[in-house]
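Student: Pasted the sequence and its predicted model underneath.
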Amino acid sequence: MLELVMAGGWPMIPLLLLSALALALIVERAWTLRRSAVLPPGLGMEVRAWASRGKLDPTHIESLRATAPLGALLAAALDVRHRPRDQIRERIEDVGRHLVHRMERYLNTLGTIAAAGPLLGLFGTVVGMIEMFLGILDHGIGDVNQLAGGIGKALICTATGMIVAIPALAAHRWFRGRVGDYIVEMEHEAIALLDVIEPKAAAPRSGNGNGHGAATTAPSPAAAG
């Protein structure tokens, strides 16, 4: 393996650095985007139980916000739970955009590595071919087997670039899909919580409306007499 790396020449150095960076990003995102860290099991049901029982003091909400991205989204909805439904939805959408940006952190870098790997590999191959043909220009063709070996060494960079790019591209697509699935499930949990807290916010308004209606339809003393 070391001989292959040395045969590729100095263009192998950025390729090796990219491969190390890609591996580090894949491990970090796999740990950060694990399901238990983003969507803790039972968290949505627990928060809906809090809301139905009225246990929504600021301490509960702040502890919820620090648990996971799903907790942060539900806490944002609870912060404005006494406002109209459309305003609560706007707050959920605003916070959701920030959470998506946080979950997609480093994915653009991983995509760049996937795109740059083959280009760097091709660049290394071109550099190797140029050096080889300049040697032929100065010293002639010489041994054909040596010429074939030189071409093979030049192609090492292209192969290395593909080896770096393919896992990076696969991981980039996989993480994107996982984030998309998380967004759908988080939206579902937020809507379920919104359905729980909306009747409590609307109850005072409907109660006042019924009171006014009773006063309007009640018969006056004169009419009763």
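Tutor: Now that the structure is in, tell me what you want to look at.

Student: leaving aside the residues next to it on the chain, what's closest to residue 159?
Tutor: residue 121 (7.0 Å; C-beta to C-beta, 6 or more residues apart in numbering). To be clear about C-beta, it is placed using only N, CA and C from the backbone, and glycine gets the same treatment.

Student: The one you found is in what secondary structure piece?
Tutor: For residue 121, the enclosing helix or strand under DSSP states H and E is helix 107-139.

Student: mean confidence for that helix?
Tutor: Helix 107-139 carries an average pLDDT of 84.

Student: Same question for stretch 22-30.
Tutor: The model assigns stretch 22-30 a mean pLDDT of 96.

Student: what comes into contact with it?
Tutor: Residues outside stretch 22-30 that contact it (C-beta atoms under 8 Å, 6 or more residues apart in numbering): 105-107, 109-110, 113-114, 164, 167-168, 171, 175.

Student: would you list these in TSV and tack on neighbour count and distance to residue 18?
Tutor: Compiled in TSV, the contacts of stretch 22-30 are given as follows (neighbours: other C-beta atoms under 10 Å; distance: C-beta to C-beta, whole Å):
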residue	neighbour count	distance to residue 18
105	13	18
106	16	14
107	18	16
109	14	10
110	21	10
113	24	5
114	21	10
164	27	5
167	17	11
168	26	8
171	22	13
175	22	17
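
Student: Can you add distance to residue 38 and give those back as CSV?
Tutor: Formatted as CSV, the contacts of stretch 22-30 follow (distance: C-beta to C-beta, whole Å):
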residue, distance to residue 38
105, 13
106, 15
107, 14
109, 20
110, 18
113, 23
114, 23
164, 28
167, 23
168, 22
171, 17
175, 12
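
Student: so which of those comes closest to residue 15?
Tutor: residue 164 (5.8 Å; C-beta to C-beta).

Student: thought the closest one was touching residue 15?
Tutor: Yes. Counting by C-beta atoms under 8 Å, residue 15 is a contact partner of residue 164 at 5.8 Å.

Student: Give me the common contacts of these two.
Tutor: With C-beta under 8 Å, 6+ apart as the test, residue 164 and residue 15 both reach 117, 121.

Student: Return the helix or strand in the chain with minimum mean pLDDT.
Tutor: One helix or strand of the chain scores below all others by mean pLDDT, DSSP states H and E: helix 221-224, with a mean of 40.

Student: what about this protein, any weak spots by pLDDT?
Tutor: For the chain, the stretches flagged by pLDDT under 70 are 1-5, 7-8, 55, 135-150, 199-225.

Student: rerun that using 50 as the cut-off
Tutor: Within the chain, the segments meeting pLDDT under 50 span 201-225.

Student: chain center to the host helix or strand of residue 13: distance?
Tutor: Using DSSP H and E, residue 13 maps to helix 12-32. Its chain's C-alpha centre and that of helix 12-32 lie 17 Å apart, by C-alpha atoms, centre = their mean, to the nearest Å.

Student: Just the CA atoms of it, as CSV, please.
Tutor: Below are the C-alpha coordinates for helix 12-32, written out as CSV (Å, rounded to 0.1, in the frame of the first residue of the first chain):
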residue,chain,number,x,y,z
MET,A,12,-1.6,11.7,-3.5
ILE,A,13,-1.1,14.0,-0.5
PRO,A,14,-4.3,16.0,-0.9
LEU,A,15,-6.2,12.8,-1.7
LEU,A,16,-5.1,11.2,1.5
LEU,A,17,-6.0,14.4,3.4
LEU,A,18,-9.5,14.4,1.8
SER,A,19,-10.0,10.7,2.7
ALA,A,20,-9.1,11.4,6.3
LEU,A,21,-11.5,14.4,6.4
ALA,A,22,-14.3,12.4,4.8
LEU,A,23,-13.9,9.6,7.3
ALA,A,24,-14.0,12.0,10.2
LEU,A,25,-17.1,13.8,8.9
ILE,A,26,-18.9,10.5,8.3
VAL,A,27,-18.2,9.3,11.8
GLU,A,28,-19.3,12.6,13.3
ARG,A,29,-22.5,12.9,11.4
ALA,A,30,-23.4,9.2,12.0
TRP,A,31,-23.0,9.9,15.8
THR,A,32,-24.9,13.2,15.7
